[in-house]
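A.B. asks: Sequence first, then the predicted structure:
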Amino acid sequence: MKLVQFFLPGKGKRVGQVRGDRVLDITSPEEGVRSVLDLVDQGKTAAGLVKRAEWLSRRLRRKALDGPALQRAPSRRAPHLLIPIDPPEVWGAGVTYKRSAEFRDEDATAAKGQKGIYDYVYENPRPELFFKASAARCVGPNVPVLVRSDSRLTAAEPELAIILGARGTIVGFTACNDVSAWDIEQENPLYLPQSKIYLGCCALGPCLVTSDEIGDPYALQIRCSIIRGGKTVFSEAANTAQFHRKLEELVSWLLKDNVVPAGTVLSTGTGIMVPNELALRDGDQVDIEIQGIGRLSNPVRQSREPRA
């Protein structure tokens, strides 16, 4: 099952069940369902989430909307997609693909023949996990992601993201753009939080796909494209078959001596490394497409530090 959140003029945020090119409005304040997060809370597991959504669609029997028509820039006058879930927390995993370890150690100028810190993490049982964002720092489809005002090398990081239910169960998946200020991290690894966490640093969408529908999560193609001035200046694909860890392993480490609320998103790292010379610029567009999930598109804007 695919679930979305969308804006409807006069009604605000709605919850939708995707059926082909149609979207059924299954919002029900009477049943406590005002958001996808409410469904995740109520369903607890992927099977419970599907069962609850199907029951609502049968009970409400509303006229379906045109799904492709929701793929537009936000406007108070027209229906449009929103972020698929308002995550109470977003966490990230790093160095989960060999390409990522090699690329980052090259940038960290590891001595030739010596293992760098990223290769060390790649081979170590303990993964890299970090806090990425809150709901207020995330955006949905067709909303700008931001480049920090103090960064000159910010990159898109296209990733498969897990959505967690009760007690860390995997209830679904979505696409994530883990936008990161690489130059800040390269200056000193202790600056990682500043490179990762800021307004507009994370995009999620276009939908939540339940784990029963995604199929094999280790056989999904991920493609990232950067469009600049109407031309595609970068397009590269990776496959989750190249993933170095098991998803359940990452979740297990995240839950060690830690409690995360239902609806938490865990983004699982990138295997696509955009060249430094293609750092994101104001006016770019980033498209991330994941097999079985769809395309997440976001324009890029340069952040302007607010005046005191």
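C.D. replies: Nice, I can see it. Residues are numbered from 1 along each chain as shown.
A.B. asks: Nearest the geometric middle of this structure, what residue?
C.D. replies: With distances taken as Cα atoms, centre = their mean, Cys176 lies nearest the centre of the chain, 2.0 Å away.
A.B. asks: Could you look up the SS state of the spatially closest residue to Pro144 that is not a sequence neighbour?
C.D. replies: Spatial nearest neighbour of Pro144, excluding adjacent residues (Cβ to Cβ, 6 or more residues apart in numbering): Arg301 at 4.1 Å. Backbone N, C-alpha and C define where each C-beta goes, glycine included. Using DSSP: H, G, I helix; E, B strand; the rest coil, the secondary structure recorded for Arg301 is strand.
A.B. asks: OK, contacts around Arg301?
C.D. replies: Pro144, Val145, Leu146, Val147, Gly200, Asp282 (Cβ atoms under 8 Å, 6 or more residues apart in numbering).
A.B. asks: what pLDDT does the fourth one get?
C.D. replies: In this prediction, Val147 carries a pLDDT score of 98.
A.B. asks: State the pLDDT value of the residue nearest to the centre of the chain.
C.D. replies: Residue-level confidence at Cys176 comes out at 98, pLDDT.
A.B. asks: Contacts for stretch 10-20, please.
C.D. replies: Identification of contacts with stretch 10-20 by Cβ under 8 Å, 6+ apart yields 1-8, 23-27, 33-36, 38-39, 53-54, 56-57, 64-65, 67, 82, 207.
A.B. asks: which among those residues end up buried?
C.D. replies: Among the contacts of stretch 10-20, those scoring as buried are 1-8, 23-27, 33-36, 38-39, 53, 56-57, 64-65, 67, 82, 207 (criterion: 16 or more other Cβ atoms under 10 Å).
A.B. asks: Can you flag which of these belong to strands?
C.D. replies: Counting by DSSP state E, the buried ones among the contacts of stretch 10-20 place Lys2, Leu3, Val4, Gln5, Phe6, Phe7, Leu8, Val23, Leu24, Asp25, Leu65, Cys207 in strands.
A.B. asks: all helices of the stretch 101-250 of the chain, in order?
C.D. replies: With helices called from DSSP state H, counting those that start in this stretch, the stretch 101-250 of the chain shows them at 117-123, 182-187, 192-196, 211-214, 247-255.
A.B. asks: which one of the ones you listed has the lowest average pLDDT?
C.D. replies: helix 117-123 (a mean of 87).
A.B. asks: Quick check: buried residues in stretch 254-265?
C.D. replies: Leu254, Val260, Ala262, Gly263, Thr264, Val265.
A.B. asks: contact partners of that stretch?
C.D. replies: Residues outside stretch 254-265 that contact it (Cβ under 8 Å, 6+ apart): 36-37, 40-41, 44, 85-91, 129, 161-166, 168, 174, 176, 204, 266.
A.B. asks: Just the ones of those residues in strands?
C.D. replies: Those of the contacts of stretch 254-265 lying in strands (DSSP E): Val90, Trp91, Leu129, Ala161, Ile162, Ile163, Leu164, Thr174, Cys176, Leu204, Leu266.
A.B. asks: partners of the last one in the sheet?
C.D. replies: Judged by DSSP bridges, the bridge partners of Leu266 are Trp91, Ile162.
A.B. asks: Please give me every residue in contact with it.
C.D. replies: Leu266 touches Val90, Trp91, Gly92, Ala93, Ala161, Ile162, Leu164, Leu250, Val251, Leu254, counting by Cβ under 8 Å, 6+ apart.
A.B. asks: Would you format the buried residues of stretch 254-265 as CSV with distance to Pro217 included?
C.D. replies: Compiled in CSV, the buried residues of stretch 254-265 are given as follows (distance: Cβ to Cβ, whole Å):
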residue, distance to Pro217
Leu254, 16
Val260, 19
Ala262, 20
Gly263, 19
Thr264, 17
Val265, 15
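A.B. asks: Pull out the buried members of the ones in strands among the contacts of stretch 254-265.
C.D. replies: Buried subset of the ones in strands among the contacts of stretch 254-265 (neighbour count, 16+ other Cβ under 10 Å): Val90, Trp91, Leu129, Ala161, Ile162, Ile163, Leu164, Thr174, Cys176, Leu204, Leu266.
A.B. asks: Would you check that the fifth one makes contact with Val251?
C.D. replies: Put plainly, it is Ile162. Yes - the pair Ile162 and Val251 qualifies as a contact (Cβ atoms under 8 Å) at a distance of 6.9 Å.
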